[in-house]
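Novice: Quick one, structure for this:
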Amino acid sequence: METPSQTSIKIVEVTQVSPIPLLSPDNHLAHQNSLPLTCFDFIWIKLPPVESVFFYEFTASSIDFNTKVLRGLKQSLALALSYYRPLAGHLCWGQHDPKPYILCAPTDSVSITDQTATVISVQITFFPGSGFSIGFTTHHGILDGKSAAMFINSWAYLCKNLEQENENSPELPHHMAPFFDRTVISIKDPTDKIAMLYLNSWLEFAAKENPGANPQSLKLVEMGDAISENHVRATFELSKQDISTLRRKVMSKLKSDDVLHLSSFVLTYAHAVVCFVKTKAAEINNEKVNFIFVADFRNRLVPPVPSNYFVNCVDSDKPIVVKAKDVVGEEGLVIVVKTISNAVTNLGKYEYYERAEEVYSSISKLEPSSFGLIGVSGWPKLEFYGVDFGWGRPRKVDVVSIDKGNSFSMVESRDQSGGIEIGFVMKSQEELQTFASFFIL
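Specialist: Okay, here's the model as predicted:
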């Protein structure tokens, strides 16, 4: 097997792509130089970026790739950035600035390269005779999964419609345009109480980790173990029928008065957690398992914010804590499903700002576990497999950044039949095989 150092990679071009001025720049920050951040952004402001890769089939020559694909991708990216100007901006936190913000300048751009940009960077890789990939690195303090999906789908729409518009640039349909008005969030936290709670926690963390260093540094926190050549990445799939099997298994063990949220997400996540813990069972005695998930709060706030609200609007409930011996026991799946179901129910039971401090406190006081904090990245409803730039749907979508912690990735199945793909990174091939023996139904 080739190591990364043996793989031949040729960097053809490093390009800075700037937004194209729009003739009708409604709601596109045309007259704003900055965009404030909210409490939902400060939660993630120093966490590692989200990295994902979309693989597409394309068997034509490199000349066709450069003249058709690459040219179209760059041209449409410039147009897409005109609607999503903050992505071409820079995250700033000056010495005299009370809070970080996004600076949007006329000369801003996004880099297409193999290096990380301030807010977002894109890497396009051509595989001769096979296809190409589009890789994204996005700052989590700037946008959540739904916002990322909005931008990627908008870029794809504009790219696919470039040739059809002849000399005129295609316009983004109104329902795909982002909503930037921060007051729909800030009005719910008028004193910045929750926003400063999160921001001050990062200042305290910086002072503790690097005494004497600039506490307002936007350097990201490193998480997870270093990746070695023994680590392996794999994708498993639960079909719609598999998920139905899990649902029947859980329901057969419930009491008549039990009311649970047995969605595909809950069942898939619970199954993944159980299999992960069973794989690590030799390492545990009386350990506890900590796991968590985030949810979209756009429709959970009171009143709800627009579904196309752009940047971050996700957070979690309290971390779920279960004894490892219960997870690996006969009733393990039911126990984990119940805890996740209860957490989902809580998300809709309380107003976010009434419970934010309590949730934050529970996370900050969480006792560490040898399993780490298990999480999930991605969301099946984002429908990444529907992203078509004009050369068909992706052959594969990977959330690469799950190798930075104990997280799984979830995307919808490529055939869009109701199944879910789950991505994992394991420390060895043997560990992966053990996991597979538990996971495959």
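
Novice: so what's Ala234 bridging to?
Specialist: Note on Ala234: beta-bridge partners by DSSP bridges are Phe424.

Novice: Spit out the contact partners of it.
Specialist: Contact analysis of Ala234 by C-beta atoms under 8 Å, 6 or more residues apart in numbering lists 423-424, 426, 432, 436. In this view, the C-beta of every residue, glycine as well, is placed from N, C-alpha and C.

Novice: Report the buried members of these.
Specialist: The neighbour-count test (16 or more other C-beta atoms under 10 Å) marks 423-424, 426, 432 as buried among the contacts of Ala234.

Novice: Now pLDDT too, for those, in CSV please.
Specialist: As requested, the buried ones among the contacts of Ala234 are exported to CSV (pLDDT from 0 to 100):
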residue, pLDDT
Gly423, 96
Phe424, 93
Met426, 92
Leu432, 94
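
Novice: which residues in the stretch 51-200 of the chain form strands?
Specialist: 90-92, 101-103, 110-112, 120-127, 131-138 (DSSP state E, counting those that start in this stretch).

Novice: Let me have these in JSON lines, extended by distance to Ala78 and mean pLDDT.
Specialist: Shown next, in JSON lines, are the strands of the stretch 51-200 of the chain (distance: least, C-beta to C-beta, whole Å; pLDDT from 0 to 100):
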{"stretch": "strand 90-92", "distance to Ala78": "18", "mean pLDDT": "88"}
{"stretch": "strand 101-103", "distance to Ala78": "19", "mean pLDDT": "88"}
{"stretch": "strand 110-112", "distance to Ala78": "9", "mean pLDDT": "58"}
{"stretch": "strand 120-127", "distance to Ala78": "12", "mean pLDDT": "92"}
{"stretch": "strand 131-138", "distance to Ala78": "15", "mean pLDDT": "95"}
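
Novice: Poorly predicted segments of this protein, please.
Specialist: Scanning the chain for pLDDT under 70 picks out the ranges 1-8, 22-32, 106-117, 163-168, 282-285.

Novice: centroid residue for it?
Specialist: Against the mean C-alpha coordinate of the chain, by C-alpha atoms, centre = their mean, the closest residue is Gly145 at 4.2 Å.

Novice: Touching, that one and Gly378? I think so.
Specialist: Yes. Using C-beta atoms under 8 Å, Gly145 is in contact with Gly378, at 6.3 Å.

Novice: list the residues that contact both of those two?
Specialist: Residues touching both Gly145 and Gly378 (C-beta under 8 Å, 6+ apart): there are none.

Novice: if we can go back for a sec, which of the contacts of Ala234 sit farthest apart?
Specialist: Farthest-apart pair in the contacts of Ala234 is Gly423 and Ala436; separation 13.3 Å (C-beta to C-beta).

Novice: For the stretch 201-350 of the chain, just list every one of the helices.
Specialist: In the stretch 201-350 of the chain, the helices defined using DSSP state H, counting those that start in this stretch lie at 240-251, 264-279, 324-327, 332-349.

Novice: Correction: the previous question concerned the stretch 1-150 of the chain.
Specialist: Using DSSP H, counting those that start in this stretch, the helices assigned to the stretch 1-150 of the chain run over residues 39-42, 62-64, 71-83, 145-160.

Novice: re earlier: so which of the buried ones among the contacts of Ala234 comes closest to Glu171?
Specialist: Distances from Glu171 to the buried ones among the contacts of Ala234, taken by C-beta to C-beta, are shortest for Gly423, at 35.1 Å.

Novice: Can you pull the phi/psi pair for the nearest residue to that closest one once chain neighbours are set aside?
Specialist: Once flanking residues are discounted, Gly423 sits nearest to Ser409: 3.7 Å by C-beta to C-beta, 6 or more residues apart in numbering. Backbone torsions for Ser409, taken as degrees, to the nearest 10, come to phi -110, psi 150.

Novice: For burial, what's the neighbour tally of Ser409?
Specialist: Other residues within reach of Ser409, judged by other C-beta atoms under 10 Å, total 23.

Novice: same thing with Leu220?
Specialist: By other C-beta under 10 Å, 15 other residues sit near Leu220.

Novice: ditto for Glu431
Specialist: 16.

Novice: In contact with the nearest residue to it once chain neighbours are set aside, which residues?
Specialist: Nearest residue to Glu431 in three dimensions, chain neighbours excluded: Thr279, at 6.1 Å (C-beta to C-beta, 6+ apart). Residues counted as contacts of Thr279 (C-beta under 8 Å, 6+ apart) are 426, 431, 434-435, 438.

Novice: Any figure for the gap between Thr279 and Phe371?
Specialist: Going from Thr279 to Phe371 by C-beta to C-beta, to the nearest Å gives 10 Å.

Novice: try Ser307
Specialist: Applying C-beta to C-beta, the value for Ser307 to Phe371 is 35 Å.

Novice: what about the two, which has more around it?
Specialist: Using other C-beta under 10 Å as the criterion, Ser307 and Phe371 rank with Phe371 on top: 20 against 13.

Novice: I'd say that one and Val277 touch.
Specialist: Yes. Phe371 is within contact range of Val277, at 6.7 Å (criterion: C-beta under 8 Å).

Novice: Ala295 contacts Gly348, doesn't it?
Specialist: No. Between Ala295 and Gly348 there is no contact under C-beta under 8 Å: 9.2 Å.

Novice: Between these two, which is the more surrounded one?
Specialist: With neighbours defined as other C-beta under 10 Å, Ala295 and Gly348 compare such that Ala295 has more, 18 against 10.

Novice: Just give me the neighbour total for the closest residue to the more buried one other than its chain neighbours.
Specialist: Spatially, and ignoring its direct neighbours in sequence, Ala295 is nearest to Leu347 (5.2 Å; C-beta to C-beta, 6+ apart). Residues contacting Leu347 under the criterion other C-beta under 10 Å number 19.

Novice: Equivalent analysis for Asp388, please.
Specialist: By other C-beta under 10 Å, 15 other residues sit near Asp388.

Novice: Now do the SS call for it.
Specialist: At Asp388, secondary structure determined by DSSP: H, G, I helix; E, B strand; the rest coil is coil.

Novice: For stretch 295-315, C-alpha coordinates in CSV please.
Specialist: Only the C-alpha atoms of stretch 295-315 are listed here, as CSV (Å, rounded to 0.1, in the frame of the first residue of the first chain):
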residue,chain,number,x,y,z
ALA,A,295,-29.6,19.8,16.1
ASP,A,296,-30.8,22.6,13.8
PHE,A,297,-32.5,25.3,15.9
ARG,A,298,-33.9,27.3,13.0
ASN,A,299,-37.3,25.9,13.5
ARG,A,300,-37.0,25.3,17.2
LEU,A,301,-36.5,28.9,18.3
VAL,A,302,-39.5,31.0,19.3
PRO,A,303,-40.4,32.4,16.9
PRO,A,304,-38.6,30.3,14.3
VAL,A,305,-36.0,31.9,12.1
PRO,A,306,-36.1,31.6,8.3
SER,A,307,-35.0,28.1,7.0
ASN,A,308,-32.4,29.8,4.8
TYR,A,309,-30.8,31.7,7.8
PHE,A,310,-27.1,31.6,7.0
VAL,A,311,-24.1,30.9,9.2
ASN,A,312,-24.6,28.8,12.4
CYS,A,313,-27.8,27.9,14.1
VAL,A,314,-27.0,24.5,15.7
ASP,A,315,-26.4,23.4,19.2
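
Novice: Sounds good, over and out.
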